[in-house]
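Asker: okay, structure incoming, though there's no sequence with it:
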């Protein structure tokens, strides 16, 4: 999809990295079904991952664990901005990139 939208290779690389980190967080922490959504919004690529884990939201930027930088630190480093929203069925973590 990202290639079909003719996004710059750097944007695709950053978006793929962020998606991998957000999905890793779902698998490692939420452990629920999830939904990945990619949207092209004029000059922004909006990426979101919705899970069914309620309660706690992503906390801070996290720390390096076993030589691995935390996922949210990676997201913070490459995305224009990111955040999260709690909703009835769980939460959504999102990130945006300039295209």
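Answerer: Ah, there it is. A quick note: this is a predicted structure, and the numbers were derived from the prediction, not measured. Numbers count the residues shown, from 1 in each chain.

Asker: nearest residue to the middle of this structure?
Answerer: residue 22 (4.2 Å; CA atoms, centre = their mean).

Asker: and that residue, what does it touch?
Answerer: Neighbour list for residue 22: 36, 47, 49, 71, 75, 93, 95 [criterion: CB atoms under 8 Å, 6 or more residues apart in numbering]. Using the backbone N, CA and C atoms, a C-beta is placed for each residue, glycine as well.

Asker: any idea which helix or strand carries it?
Answerer: Assessed by DSSP states H and E, residue 22 sits inside helix 9-25.

Asker: which positions within that helix qualify as buried?
Answerer: 11-12, 14-15, 17-19, 21-22, 25 (16 or more other CB atoms under 10 Å).

Asker: okay, the residues you listed in TSV with pLDDT and distance to residue 43 next?
Answerer: Below are the buried residues of helix 9-25 laid out as TSV (pLDDT from 0 to 100; distance: CB to CB, whole Å):
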residue	pLDDT	distance to residue 43
11	96	11
12	97	16
14	96	15
15	97	14
17	95	20
18	95	18
19	95	20
21	92	23
22	92	22
25	87	27
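
Asker: other SSEs contacting the helix or strand bottoming out on mean pLDDT in the chain?
Answerer: Counting by mean pLDDT, DSSP states H and E, the chain has its least confident helix or strand at helix 71-78, which shows a mean of 88. Packing contacts for helix 71-78, counted by 3 or more CB pairs under 8 Å, 6 or more residues apart in numbering; DSSP states H and E, involve helix 9-25, strand 81-87.
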